[in-house]
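> My questions are about this predicted structure, shown below with the sequence.
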Amino acid sequence: MRRSLEKVNRFLDAPLDVAPRVLLALAFLCLAPAYVAPLYNMTMFAPQYQDGLRLDIYSYKLQGGNDNQDVKEINVLNHYIGMKDLVTEDFTEFKWLPFVIGIIGLLFLRAAVMGKASHLVDVAVLYFYFSLFALWSFAYKMYQYGHQLDPKAAVRVDPFMPPLFGYKKLANFEVYSYPQLGSYALGAAAVLVLLALAMAWRQWRREA
Amino acid sequence: MKTRRAGTVLATLAGIAAAGLLQARCAPSAPKGSKKGAVVSDVANAAMKVYVAPGDLDEYYLFASGGHSGQMYVYGLPSGRHISTIPVFTPYPATGYGFDDESKAMLGDLTWGDVHHPALSETNGDYDGRWMFVNEMNGRVARVDLRDFKTKQIIGPVPNVSGNHGSAFVTPNTEYSVMASRFSIPIPKGTAVEVAKYASDYKGVVTGIKIDPNTGAMSIGWQILMPPFDYDLGDAGKKVSDGWVFFTSYNTERATGKLEVTSAQKDRDYIAAVDWRMAEQLAAKGEGQAIGGVKVIDPAKHPGLVYFMPCGKSPHGVDVAPDGKYIIGSGKLQGVTTAFNWEKVQTAMRNKDFSGDEDGIPVLKYESIKDAEVPVGLGPLHTQFGPDGFAYTSLFVDSAIAKWKLGSWEVVDKVPMSYSIGHLTAAEGDTVSPDGKYLVGLNKLSHGRHLSVGPSQPEASQLVDISEEKMKLLLDFFTEPEPHYAQIIKADKIKPIEVYPKEENKHPHAIWDVKDAGVTRTGSKVLVKMITVRSTITPTDFEIKEGDDVTVAITNIEQTTDELHGFGLLDYNINIVVDPGETKTVTFKAKKKGVFPYYCTNFCSALHQEMQGYLIVR
């Protein structure tokens, strides 16, 4: 037991080779799209909406298709079932997401520059915690929108969960929900960090 | 002996009678060739050409004047489907036109207009898809903005112009839209002179309506005093003849009374050629005598401003060929249409090759300026053009269209029209670059080519394929009374908006948040700011006092296409329709006490029926 703990400690103190550092730097770059590209997209089609109503979720805002007009339209439609308006102000995520991603980026750089395995482990754990939390937060938001319906609404529908990934039929709408460039890049960052971790471990084992 | 002779006589008479009987026939029950029907088309071929599948779009817009209905009608071609009505000179409850304050003010006291000749705005002689100008007989011209297909301005009744028929033709860069009197009167309007003094005291007037190149805003540019003829139709010169505008005139006899006889005595009437650039310069110098508040220029004092070109008896249409070289005038009481050569016309002007004058306006010598009399058929009225040097002339009396070649002057084809064609319009057929492809005959009589609808019959329009050597009839469709002229424009030249962007709404009473809706009172003046959005009219009720002057300002805060909302107020004759992003006001006096429901008239949503409220007048 003690031996394995010591072994872990030795690993944590070990310096990182060039390859994991490069991977960390790349992971840092992979965070950039989260500031400019959407993380998520929902697209809804109905007979009356052949062009679809589109909603892009960025790390810091909601953006509707057709010059943001689609958000208004989604809200107009949802008010009949008593759903709360989708407004940027209601998403606390937009306040902390860009900040946290920035911190993680700095930590990626710190690990790449200072180059100790412990830095890499720290940021990897933090990154996975952050990713799961953000996903949960987003899913919970969707859950709330689908469940906190005004009981006095004109049209009563059973509470529902919008799709998080893929296709779902909701009333007269076909709803498609997919991650976008921002999310895929964040996913790529996760893969790079995992890869860096694996390489660091293998390298340390080889040298030890 | 006597009896025998008598018997012979009787037998002879009987023989003659019998022979007569054998010769006797009845008039046939139908004209020759009637079994073929008026027109037979190659059904399958025609069907393929006009079929626009559900969801597919037409290739061309057809803008047809609605005559005394006062409106313009929009059709798609080749389908012939009626898409929309643009209210212009007459209230139109379907869009609330003529009910809200703005359109009501634009119509003024006239709730009727006789719409005749739509003219699409042009740049370098080609349709640019910006505006549509259209005239009506009470001396007015309207501008329809093709960005939203709405009437934006009505100018007039313009002083001195009476019976504005020779209008609203535009110059090649939409510098001017023109007007001309069909009914000469003593001017200024309001002067009463007996008809006996018609020849000397009655006057025609030609007007140039100046058009702002950026906004399309119309104002009076210049007016020219003309002899008391009936000015009928016009067309602006193009390319080589740019700078001139031509008007046909009948009753150059200056006759009165039974004009169908008295005005058809001379063998030739005139086409007036007006140098509009010169008129523009004279107006800029302040020339002319103020009549009815407008400076009217006398062409007798300004040689070179107006010439008369003699044309076949009682001409109707005058049309300038795409290259501007030929001016085609059709004497409707003849069997020929006349092609004037612009070069020869100019030479005659320069050489003062005149055959006389009318009130000091020189008359050019007919023989010196005409190139050909083309034997198109009986009752030629109007001419349109194709891209390949062909011209198409409508024949009212023959009830047909003649296709003929400019330059060689041979008539190459004819297609019967059902029935009695008036105007005709080819795809971009009055521009410098006609498209060919389609032509629509705008017939005056339909005579049972449709399910019977009683004595009041629609007009029949017919689509003709002109893409090949032989013209082919493709389709009958029925147009609202009554299309005089029409314009066909390629669909992609027009790019309409479908909602009014919120940012562009500068209306002082526009509001976008239901919290701002409500009643403000200043003395007996009441302003009600209202919002319509699916599916509520806010406020849902409001109270005022009997005798109040009420202005209701309605903003439709939708930004989604096709989400129009109406505001119908019962018992008060109020009916407004507000498009997405638009604000409209309606002002009325609260004359009646009681409770008056208002509601959304334009179906909007599943809960449209619930979109209602109450006005309480105490």
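Structure received.
> CA atoms for contacts and neighbours, from now on please.
Fine.
> Just after the top helix by length along chain A, pick out the following helix or strand.
Here the longest helix in chain A is taken by residue count, with DSSP state H as the criterion, and it is helix A:117-147. Counting by DSSP states H and E, the next helix or strand C-terminal to helix A:117-147 is strand A:166-170.
> which residues sit against that next one?
With contacts defined as CA atoms under 8 Å, 6 or more residues apart in numbering or on different chains, strand A:166-170 is touched by A:P162, A:E174, A:V175, A:Y176, A:S177, A:Y178.
> Could you give the number of residues near B:Y97?
24 (other CA atoms under 10 Å in any protein chain shown).
> Kindly report the residues of the stretch 401-550 of chain B close to chain A.
B:R534 (CA under 8 Å from any CA of the partner chain).
> Check the contacts of strand A:166-170 and tell me the two furthest apart.
Using CA to CA, the pair of the contacts of strand A:166-170 lying farthest apart is A:E174 and A:Y178, separated by 13.3 Å.
> Mind jotting down where the helices sit in chain B?
Along chain B, counting by DSSP H, helices occupy B:2-23, B:43-50, B:101-107, B:198-201, B:259-262, B:276-284, B:342-350, B:366-369.
> Buried residues, the longest strand seen in chain A. List them.
When secondary structure is assigned using DSSP state E, the longest strand within chain A turns out to be strand A:49-57. Within strand A:49-57, the residues that count as buried by 16 or more other CA atoms under 10 Å in any protein chain shown are A:G52, A:L53, A:R54, A:L55, A:D56, A:I57.
> who touches it?
Outside strand A:49-57, the residues touching it (CA under 8 Å, 6+ apart) are A:38-46, A:62-66, A:70-71, A:73-74.
> Get me the contact residues on chain A for chain B.
Close to chain B, as judged by CA under 8 Å from any CA, chain A has residues A:Q69, A:E73, A:V76.
> what's downstream of the helix or strand harbouring the second one, the next helix or strand?
According to DSSP H and E, A:E73 maps onto helix A:69-79. Tracing the chain past helix A:69-79, the next element assigned as helix or strand by DSSP H and E is helix A:93-114.
> how about B:E563, what does it touch?
Taking CA under 8 Å, 6+ apart as the definition, contacts of B:E563 comprise B:D579, B:P580, B:C604.
> number of nearby residues for the first one?
Spelled out, that is B:D579. Here the count is done by other CA under 10 Å, and B:D579 has 24 residues near it.
> which residues touch it?
Going by CA under 8 Å, 6+ apart, B:D579 touches B:V499, B:Y500, B:N556, B:D562, B:E563, B:L564, B:H565.
> The helix holding A:E73 versus strand A:49-57: what angle between them?
Counting by axes from the mean of the first three to the mean of the last three CA atoms, to 10 degrees, helix A:69-79 lies at 100 degrees to strand A:49-57.
> list the helices and strands helix A:69-79 packs on?
For helix A:69-79, the elements it packs on are strand A:49-57, strand A:62-64, judged by 3 or more CA pairs under 8 Å, 6 or more residues apart in numbering or on different chains; DSSP states H and E.
> Which neighbours in the sheet does the last one have, and how are they oriented?
Paired strands of strand A:62-64, with direction, are strand A:49-57 (antiparallel) (DSSP bridges).
> The partner strand - what's its average pLDDT?
Predicted confidence along strand A:49-57 averages 92 (mean pLDDT).
> Can you give the distance of that strand from its chain's centre?
Averaged C-alpha coordinates place strand A:49-57 at 20 Å from its chain's average position (CA atoms, centre = their mean, to the nearest Å).
> now do stretch B:427-444
Distance of stretch B:427-444 from its chain centroid, counting by CA atoms, centre = their mean, is 15 Å.
> Can you give me the end-to-end span of it?
Counting by CA to CA, to the nearest Å, the length from the leading to the trailing residue of stretch B:427-444 is 20 Å.
> buried residues in it?
B:427-444.
> Please flag which of the residues you listed sit within strands.
Helix and strand membership here follows DSSP E; of the buried residues of stretch B:427-444, those in strands are B:Y438, B:L439, B:V440, B:G441, B:L442, B:N443.
> Tell me which two of those sit farthest apart.
Pairwise distances across these peak at 15.7 Å for B:Y438 and B:N443 (criterion: CA to CA).
> that older thread, now do the helix holding A:E73 against helix A:117-147: the angle between them, please.
In terms of direction (the same axes, to 10 degrees), helix A:69-79 departs from helix A:117-147 by 50 degrees.
> which non-adjacent residue is nearest A:I101?
Distances taken as CA to CA, 6 or more residues apart in numbering or on different chains put A:L31 closest to A:I101, at 7.1 Å, once the chain neighbours are dropped.
> before we move on, what about A:R156?
A:I81 (5.9 Å).
> For the one you found, give me its contacts.
By CA under 8 Å, 6+ apart, A:I81 lies in contact with A:L149, A:D150, A:A153, A:A154, A:V155, A:R156, A:V157.
> Tell me, how many residues neighbour residue 123?
The chain I'm using is chain A. Using other CA under 10 Å as the criterion, A:V123 is surrounded by 21 other residues.
> not what I meant, chain B
For B:T123, the count of nearby residues is 17 (other CA under 10 Å).
> can you check B:Q334 too?
Neighbour count of B:Q334, defined by other CA under 10 Å: 20.
> roughly how far apart are B:L282 and B:S219?
Between B:L282 and B:S219 the computed distance is 16 Å (CA to CA).
> Next, count neighbours for residue 45.
Just going to use chain A. 17.
> try chain B instead
The criterion is other CA under 10 Å. On that basis, B:N45 has 11 neighbouring residues.
> How about the one 5 residues further on?
Residue crowding around B:V50 was assessed by other CA under 10 Å; the count is 17.
> That one contacts B:P78, correct?
Yes. With the criterion set as CA atoms under 8 Å, B:V50 and B:P78 qualify as a contacting pair; they are 4.9 Å apart.
> coming back round to it: could the helices and strands packed on helix A:69-79 go into CSV alongside distance to B:K470?
Compiled in CSV, these are given as follows (distance: least, CA to CA, whole Å):
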stretch, distance to B:K470
strand A:49-57, 42
strand A:62-64, 54
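> excluding its backbone neighbours, what's nearest B:A391?
Counting by CA to CA, 6+ apart, the residue nearest B:A391 is B:F385, at 4.5 Å.
> actually B:P303, not the one I wrote
Leaving out its chain neighbours, the residue that sits closest to B:P303 by CA to CA, 6+ apart is B:I361, at 7.7 Å.
> In contact with the one you found, which residues?
When contacts are counted by CA under 8 Å, 6+ apart, B:I361 touches B:P299, B:A300, B:P303, B:V306, B:Y307, B:F308.
> Right, I'll leave it there.
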